[in-house]
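> coords below, sequence missing:
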């Protein structure tokens, strides 16, 4: 039996076997919440971190001064088109630790496309000195934003063969995968061409066309779709809502004078429990962003994580009938979140927010990060879009210090997802247990940890001495502990019951690395279509990770079939929490805290 088939079979077995264990864990937690009912409720405080300046107009002026641009175009691209804007956190961890975390980021990267020269550029610099920004030509096609996609739709609507369908509302456009025609570094750059899906109202026809943004012309493909996708009358997934607009990337989309970052403090009985910086997906870090991102996480006043996020997300289809694809995690979709906006893009809700996995529809009343106080837990949640994919980025914080990172998977209607496919999600945990230094990793042995004569946990474990990649095994009972060797405080990483194991494409399940600043914030891969596999192995250099600053990457794997698209009840993972029934991820549990 090959490894791929073994993974599928054992994943199903793990769902059944692990389901009882998961239900038992949540049953105990439910009882604990009842026991805590007499305590005062949680108090939640949110302070938005304001930016000093909006995106400087000097950036556009700088680019205009470098190139001669046409006066006007039908697409409205009379100037360089701003596609994305990122706040960049400085590399120096020691400086950041010493600084007040509520200081707005000063460094930025803005991505533009110049249709006259058919080139993409970035401007990188310091917001205090925008005129000194460095201009760099890119050797790849950056992802479009919604504004550019809508311009591509307008080009199609003016084309004779499609104009009647738009006028009669018989054709509905949708965002497909891949979103843009790509080329590899070193190859001749292709003309900027966006892909747009077109579906008839009766579902009888479905086609993905290319829109050349330079010539404002249409490209049609044999078979009705580019080579990396399929489009036909068969469609799976939930109905999409074309009126919904994804957020795009950066401050230009999330509002003036905002960084999309918030200081969150959670207290109980007037005692501080949690303190952290929360970053909404549109402003999260990494080349493809990273969902709801956490920084400077402290539990009961002690440092746990410098940063925690999902910089890498990809998917492979059976027999590669589509893709494989590398997704992005910055486009915020809409979901149901009823409550009070305490900051721009941050809402405290009166009930558990409901995403597309709960409602079965692609609509909502909020984009951003929603927070819900669920008994003695705090839940942070956001819904993401990557063309036809819908993802849920969620964090649950327990009063006892347990952190549950979770990720969920869905899609709106398309032809690709009718074929079985495997989603791979990779968390990056930059642990700073008490301090950045003096951290080690222990791998548990078969016996569970026990208490020593001082009443503290004694580890029956082996130290992971140097950087390495690890594969989990079916029915794996191992756990990993990140510990401070001076204070003996630790956090245990316990794999989720349904997190699966990596196949050949998934590459690995865990990487233990020495901190390498922002050079290791992701694997540097920028393409949606090639290469798409996780590329962390080059960072495994064999350096010692004993008493060092550590980063742990954790992979989880979700096999999606036609049966589970649009029916959350058929994937019973973590069903104890309504709205968390298609989520996977590990538990991070405090030890000796």
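The structure has been received and is ready for your questions. Just so it is clear, the model here is predicted, and its values are computed rather than measured.
> Any stretches of the stretch 151-300 of the chain with poor pLDDT?
251-258 (pLDDT under 70).
> I should have written the stretch 351-500 of the chain there, sorry.
446-460.
> All the helices of it, residue numbers only.
Counting by DSSP state H, counting those that start in this stretch, residue ranges of the helices within the stretch 351-500 of the chain are 356-359.
> Over to the stretch 151-300 of the chain?
160-167, 251-254.
> Which positions in the longest one come out as buried?
So that's helix 160-167. 162, 165, 166 (16 or more other CB atoms under 10 Å). Every residue, glycine included, has its C-beta placed from N, CA and C.
> Distance to residue 536 added to those residues, as TSV?
TSV is the format used below for those (distance: CB to CB, whole Å):
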residue	distance to residue 536
162	43
165	45
166	45
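> Identify the single longest strand in this structure, thanks.
strand 302-317 (DSSP state E).
> The closest residue to residue 302 other than its chain neighbours - how many residues pack around it?
Spatially, and ignoring its direct neighbours in sequence, residue 302 is nearest to residue 434 (5.8 Å; CB to CB, 6 or more residues apart in numbering). Using other CB atoms under 10 Å, residue 434 has 17 other residues around it.
> same deal with residue 168?
Residue 168 has 9 nearby residues by other CB under 10 Å.
> distance of it from residue 320?
37 Å (CB to CB, to the nearest Å).
> List the contacts of residue 325.
177, 178, 228, 314, 315, 528, 529, 532 (CB atoms under 8 Å, 6 or more residues apart in numbering).
> Can you tell me which of these comes closest to residue 483?
Nearest to residue 483 among those: residue 314, at 31.2 Å, using CB to CB.
> contacting residues for the closest one?
324, 325, 326, 327, 423, 424, 532, 533, 534.
> Make CSV from these and add secondary structure and distance to residue 333 to it.
Listed next are the contacts of residue 314 as CSV, based on DSSP: H, G, I helix; E, B strand; the rest coil; distance: CB to CB, whole Å:
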residue, secondary structure, distance to residue 333
324, coil, 22
325, strand, 17
326, strand, 19
327, coil, 13
423, strand, 17
424, strand, 21
532, coil, 22
533, coil, 26
534, coil, 24
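> Dump these into a markdown table; add distance to residue 260 as well.
What follows is the contacts of residue 314, written out as a markdown table (distance: CB to CB, whole Å):
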| residue | distance to residue 260 |
| --- | --- |
| 324 | 29 |
| 325 | 25 |
| 326 | 23 |
| 327 | 20 |
| 423 | 25 |
| 424 | 26 |
| 532 | 27 |
| 533 | 29 |
| 534 | 26 |
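> Bridged to the residue nearest to residue 176 when sequence neighbours are not counted, which residues?
Leaving aside its sequence neighbours, residue 176 sits nearest to residue 197 (CB to CB, 6+ apart; 4.1 Å). Listed by DSSP bridges, the beta-bridge partners for residue 197 are residue 174, residue 208.
> Now do residue 197 against residue 142, distance only.
Taking CB to CB, one finds residue 197 at 20 Å from residue 142.
> who are the neighbours in contact with residue 172?
Applying CB under 8 Å, 6+ apart, the residues near residue 172 are 198, 199, 200, 201, 242.
> who wins for most neighbours among these?
residue 199 (24 neighbours).
> Starting from residue 386, give me the distance back to it.
18 Å.
> Could you do residue 185 as well?
Following CB to CB, the distance that separates residue 185 from residue 386 is 23 Å.
> between the two, who's got more neighbours?
residue 386 (25 against 9).
> farthest-separated two in the contacts of residue 172?
The widest separation within those (CB to CB) is 13.5 Å, between 200 and 242.
> which residues in the stretch 301-450 of the chain form strands?
302-317, 325-326, 339-343, 346-349, 369-374, 377-386, 389-398, 403-411, 421-431, 439-444, 450-451 (DSSP state E, counting those that start in this stretch).
> can you list those strands in a markdown table and add distance to residue 582?
Supplementary listing: the strands of the stretch 301-450 of the chain in a markdown table, determined by distance: least, CB to CB, whole Å:
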| stretch | distance to residue 582 |
| --- | --- |
| strand 302-317 | 15 |
| strand 325-326 | 19 |
| strand 339-343 | 23 |
| strand 346-349 | 20 |
| strand 369-374 | 18 |
| strand 377-386 | 13 |
| strand 389-398 | 8 |
| strand 403-411 | 5 |
| strand 421-431 | 11 |
| strand 439-444 | 28 |
| strand 450-451 | 36 |
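> Compare those and give me the one nearest residue 246.
Among these, strand 377-386 sits nearest to residue 246 (CB to CB), with 4.6 Å.
> okay, the angle between the closest one and strand 302-317?
30 degrees (axes from the mean of the first three to the mean of the last three CA atoms, to 10 degrees).
> residues contacting residue 231?
Taking CB under 8 Å, 6+ apart, one finds 176, 197, 206, 207, 208, 224, 225, 414, 415 in contact with residue 231.
> top of the residues you listed by neighbour count?
Neighbour max across the contacts of residue 231 (other CB under 10 Å) = residue 414, 28 neighbours.
> about what we covered before: how far off strand 403-411 does the longest strand of the chain point, in degrees?
20 degrees.
> Tell me which strands strand 302-317 pairs with, and in which orientation.
Sheet pairing for strand 302-317, using DSSP bridges, gives strand 293-299 (antiparallel), strand 325-326 (antiparallel), strand 421-431 (antiparallel).
> Include distance to residue 350 when you put the ones you listed into TSV, please.
Conversion of these to TSV gives the following (distance: least, CB to CB, whole Å):
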stretch	distance to residue 350
strand 293-299	23
strand 325-326	37
strand 421-431	29
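> How far off centre is stretch 526-533?
16 Å (CA atoms, centre = their mean, to the nearest Å).
> Give the buried residues for that stretch.
526, 527, 528, 529, 532, 533.
> same deal with stretch 416-436?
416-434, 436.
> What's the separation between residue 242 and residue 346?
In terms of CB to CB, residue 242 sits 27 Å off from residue 346.
> Run a quick neighbour tally on the residue nearest to residue 489 when sequence neighbours are not counted.
With sequence-adjacent residues excluded and distances taken as CB to CB, 6+ apart, residue 489 is closest to residue 592, at 5.3 Å. The number of residues packed near residue 592 is 16, by other CB under 10 Å.
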